[in-house]
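Participant: no sequence on hand, only this structure:
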């Protein structure tokens, strides 16, 4: 990977300064305080930290601290929750404090005195500039922070561009030239989503707004425990019954949303234009321009943010009836500008008046007189709306539309039987009752269905529908790539064009009447968004939904449920103080911090395997492997292996020889693109049938299939040098043979040839005879794979998840098992 630095001055330090942690240490030394002040000892601080993070109620903490063991052994300076919280409150302030602003909404419903009813609301929020200051100065992000844009390429000839984090994309690079030399851009990323607080009953809701910055790597931002995303505030939630009609309440709620956000972001108007001096994590003082760069939201909230109707695109200027066509067709004559323009938007609002909702509706505009983004320096709100993989693709494109269309072409009985007969794989949900009876779907179920859907369709539905399904699944998986190149972005666009080529089939079959579907149209903007702001995995709405647990639901449960918002902010402030002091103690006293996991060399390379310390089946006779593990040709395969690898051995292996046999082998898989800190965990199981015992039912045998290195030189991606094998046993040879490498007995499926047209998957045939049996080192197993039977036009009703691998003869090798597998087969 070759990096091109920005040609001008960018992110240039103006001087040096102490970070927040260094200032705190300087103050503590001056006051002769320990690093864990206000706690007298490190042990007491650790106790307080664990109690605050435990989620225990105040009453339970009181009972715990009152236990005789705690009183006599812990001997803490705090003896109940009240004194504990007093110490927590004494921790030095961390970041900006919450402010409360009273908002009076004057309605048009009259009270008993004939006066308009006024509803009073509270807006809790923080200063966004101070939030940016806190993030940029956080020493925990020192090694994952960038202060200037750059361009990356696959080679020194710059033949192919690479897009990853925001600093590698075009928006930052292009904006840098519009700011003073040496300026540092802090790309602000906002996220908002209303969420329910009360369970089972009640209508308590919260509307959190989160803030982070694009200077921090997306891999770090996605980790909740890193605290790289800050709660900016809570937008008040109200039914606004002070207005008479539902339409009026809806309109005023939209205006209230923008008024609150504009109030929250008010400091950005000056800071984004003039810059502010900020001490960064590397001790450099920089002139920082905090500028709104991206907004993470689902489609209804995107329309609310952009002040557009949901029947219109919030990004481009196409008409609702054109949304089913590719952008190249919609804007082929350049009659209209591709992207919406903020100045044109506000000109239309001024022209027709914010109260003329009907006239504005014809232009797809909501009647909001002062959107929060109007006047924000260097902000283009329409192009700031980022892809939403969860709601737009997994739930919208796949579950709500594609799966429904395809299932309408086949009977429920047939599709349910196919799902029920799927071979079991640890990472794929088992649909034991099929899918037609599932009433409530979760994100995990959408994704599990995507992993097998394309392979289940051939024979059941016509080829055009199979090709359309494959195209959309390709788009969904490609859009999740953590790193994109010019080539992969072209593949992303090609997948969308392939769908457009086959979509007419659904209209011909009267499955659809049109494709003017908002979530389908939003896919047209993915490539441009990735080039502009970075890869879509850095803006997924799964992150704010996960943040709701900490910043909304847990905070609400810690309140008295009455006047709860102010209590929620207090709880969050205390949790942030606990996290900050813990980070400071670890920074000040590394030996006292948490021990870091030490990676082995194999893990650092991205792949490793792990066996249990003790075998699951010690001293197992070979006879049992043959009979219960169905390793029919074990002795023949082992003889060939030993002849090749241990030519001088004299030990004879027979059915009475005892071996240590393992239940499973676990793998740690690094990202193929090698840019992510995260890894994928995988497992291959070799567990025989376990009969019913007491109340425990029968446990079916689990002999997984895997991708195995097969003799020839193999690359990181592609099938060359690999074969599919079914792993029947994992074992070690007797110690006297001095062969420490663990081995596996496998049965080979037929070699890879060419993908089958339509589903575009590789097909393999089942093992047959002695020639398909082999012994291989465990380290030659690359990872597990999922084989899906080719069911034909109608499924054999006797097939089940327990027997389909044994009874079927031809199988598709699913390349949708996970992103790692997809890259392996397709890159």
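Facilitator: Everything's here; your move. As the structure is a computational prediction, the values presented were derived from the model and not from experiment.

Participant: helices along the stretch 401-550 of the chain, start to end?
Facilitator: Using DSSP state H, counting those that start in this stretch, the helices of the stretch 401-550 of the chain run over residues 403-407, 412-420, 443-456, 463-478, 486-502, 504-508, 518-522, 526-533, 542-548.

Participant: which one of the ones you listed lies nearest to residue 803?
Facilitator: helix 412-420 (11.7 Å; C-beta to C-beta). Yep, even glycine has a C-beta here, placed from its N, CA and C like the rest.

Participant: by contact count, what packs against the closest one?
Facilitator: The contact analysis (3 or more C-beta pairs under 8 Å, 6 or more residues apart in numbering; DSSP states H and E) places helix 412-420 against helix 443-456.

Participant: does anything pack onto the helix it packs on? Which helices or strands?
Facilitator: By 3+ C-beta pairs under 8 Å, 6+ apart, helix 443-456 packs against helix 403-407, helix 412-420, helix 463-478, strand 787-789.

Participant: so which of those gets nearest residue 826?
Facilitator: helix 463-478 (7.9 Å).

Participant: need the residues that contact the closest one.
Facilitator: Outside helix 463-478, the residues that touch it by C-beta atoms under 8 Å, 6 or more residues apart in numbering are 389, 393-394, 397-398, 402, 405-406, 409, 450, 453-454, 457-458, 488, 491-492, 495-496, 498-499, 502-503, 505-506, 523, 526, 758-760, 816, 819, 822, 826.

Participant: so which of the helices and strands packed on helix 443-456 gets nearest residue 516?
Facilitator: Of all these, helix 403-407 comes closest under C-beta to C-beta, at 15.0 Å.

Participant: please compute how far that closest one lies from its chain's middle.
Facilitator: Chain-centre distance of helix 403-407: 25 Å, with C-alpha atoms, centre = their mean, to the nearest Å.

Participant: which strands and helices lie in contact with that helix?
Facilitator: By 3+ C-beta pairs under 8 Å, 6+ apart, helix 403-407 packs against helix 443-456, helix 463-478.

Participant: got the buried residues for the last one?
Facilitator: By neighbour count on 16 or more other C-beta atoms under 10 Å, the buried set for helix 463-478 is 464-478.

Participant: now residue 39: how far from residue 77?
Facilitator: 7 Å (C-beta to C-beta, to the nearest Å).

Participant: overlap in contacts of the two?
Facilitator: Counting by C-beta under 8 Å, 6+ apart, the common neighbours of residue 39 and residue 77 are residue 87.

Participant: which of the two has more neighbours?
Facilitator: Looking at residue 39 and residue 77 with other C-beta atoms under 10 Å, you find the greater number of neighbours at residue 39, namely 24 against 14.

Participant: list the contacts for that one?
Facilitator: Applying C-beta under 8 Å, 6+ apart, the residues near residue 39 are 45, 48, 77, 87.

Participant: so it versus residue 587, what's the distance?
Facilitator: Taking C-beta to C-beta, one finds residue 39 at 16 Å from residue 587.

Participant: which parts of stretch 741-753 are buried?
Facilitator: Result for stretch 741-753 [16+ other C-beta under 10 Å]: buried residues 742, 743, 744, 745, 746, 747, 748, 749, 750, 752.

Participant: hmm, I was thinking of stretch 550-558
Facilitator: Buried residues in stretch 550-558 (16+ other C-beta under 10 Å): 550, 551, 552, 553, 555, 556, 558.

Participant: now stretch 256-276
Facilitator: 256-265, 267-268, 271-272, 275-276.
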